[in-house]
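1. sequence and predicted structure are below.
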Amino acid sequence: GNSVTQMEGPVTLSEEAFLTINCTYTATGYPSLFWYVQYPGEGLQLLLKATKADDKGSNKGFEATYRKETTSFHLEKGSVQVSDSAVYFCALTLNTNAGKSTFGDGTTLTVKP
Amino acid sequence: SQTIHQWPATLVQPVGSPLSLECTVEGTSNPNLYWYRQAAGRGLQLLFYSVGIGQISSEVPQNLSASRPQDRQFILSSKKLLLSDSGFYLCAWSVKQGVGTDTQYFGPGTRLTVL
């Protein structure tokens, strides 16, 4: 079956620190990969995506590269801000599967000033 | 543009009472629709999905049911709530055909507490 494994949290960083949240996946086909972000008390929002190998998704200073050889999609940001504090979810979707997505368990990031 | 609504935002219900959560999508037609539950500090669990009116697929056997009476309306129900039904319920939609079929768009969620 399909699965997503992401780095366990919580992660606590100081403002302007470098962020990496690891994500690896297993899939029976060729998935699209996503990072979603959830701010406190809200639903999930799409942060970035990549649909094929070696694609780099980027948004708001975050980026992740689709690595087929290592089945990974690690999230990075060079300098985090307090406003980046949230829960981050890695996910995959196989288009043959009614658009259903498989999500990781989420990683809570807290950025301190 | 497309928007997705969920209500109520917060709900406190006694054990054994019924439940009805509603989700509606605007600005698109014939979407795929999804219900997820997020327990405290946990990831997302897909409960139901629907590819069309009256078409419901259940991912996890449980105390809940779902219905899709209209194209852009998705309802989550229970006849008798359990303590374990507490959680954050999220509705989502995705495009069925064309560009972006792989991306899900989430509503603001309903926080359910069963006492």
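-> Done, it's in. None of the values given here were measured: they were computed from a predicted structure. Numbers count the residues shown, from 1 in each chain, chains lettered A, B, ... in the order given.
2. which residues of chain A score low on pLDDT?
-> The model of chain A has pLDDT under 70 over residues A:96-97.
3. near chain A, which residues of chain B?
-> Chain B has residues B:6, B:32, B:34, B:42-44, B:46, B:49, B:51, B:57, B:90, B:92, B:94-96, B:101-109, B:111 near chain A, with proximity defined as C-beta under 8 Å from any C-beta of the partner chain. Every residue, glycine included, has its C-beta placed from N, CA and C.
4. list buried residues within those residues.
-> With burial judged by 16 or more other C-beta atoms under 10 Å in any protein chain shown, the buried subset of the residues of chain B next to chain A is B:6, B:32, B:34, B:43-44, B:46, B:49, B:90, B:92, B:94-95, B:102-107, B:109.
5. the residues you listed in strands, which ones?
-> B:6, B:32, B:34, B:44, B:46, B:49, B:90, B:92, B:94, B:105-106 (DSSP state E).
6. now, which of the residues you listed sits nearest A:Lys52?
-> B:Ser94 (18.7 Å; C-beta to C-beta).
7. residues in contact with that closest one?
-> Contact partners of B:Ser94, counting by C-beta atoms under 8 Å, 6 or more residues apart in numbering or on different chains, are A:99, B:31-32, B:34, B:100-105.
8. farthest-apart pair in those, please.
-> B:Tyr34 and B:Gly100 (15.1 Å).
9. can you lay out the contacts of B:Ser94 as JSON lines showing distance to A:Gly29?
-> Formatted as JSON lines, the contacts of B:Ser94 follow (distance: C-beta to C-beta, whole Å):
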{"residue": "A:Gly99", "distance to A:Gly29": "13"}
{"residue": "B:Pro31", "distance to A:Gly29": "22"}
{"residue": "B:Asn32", "distance to A:Gly29": "18"}
{"residue": "B:Tyr34", "distance to A:Gly29": "19"}
{"residue": "B:Gly100", "distance to A:Gly29": "18"}
{"residue": "B:Thr101", "distance to A:Gly29": "14"}
{"residue": "B:Asp102", "distance to A:Gly29": "12"}
{"residue": "B:Thr103", "distance to A:Gly29": "17"}
{"residue": "B:Gln104", "distance to A:Gly29": "18"}
{"residue": "B:Tyr105", "distance to A:Gly29": "22"}
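10. tell me the one of the residues you listed nearest A:Gly9?
-> For the contacts of B:Ser94, the nearest to A:Gly9 is B:Gln104 (22.0 Å; C-beta to C-beta).
11. surely that closest one touches B:Tyr34?
-> Yes - look at B:Gln104 against B:Tyr34 with C-beta atoms under 8 Å: they come within range, at 6.7 Å.
12. between these two, what contacts are shared?
-> Going by C-beta under 8 Å, 6+ apart, residues that sit against B:Gln104 and also against B:Tyr34 are B:92-94.
13. what residues does chain A have near chain B?
-> Neighbours of chain B within chain A, by C-beta under 8 Å from any C-beta: A:32, A:34, A:36, A:41-46, A:49, A:51, A:89, A:93, A:95, A:98-101, A:103-106.
14. B:Tyr89 is in contact with B:Leu44, isn't it?
-> No - B:Tyr89 lies out of contact with B:Leu44 (C-beta under 8 Å); the separation is 10.5 Å.
15. got the contact list for stretch A:25-35?
-> A:1-5, A:23, A:46-52, A:57, A:62, A:64, A:66, A:71-73, A:75, A:88-96, A:101-102, B:102-103.
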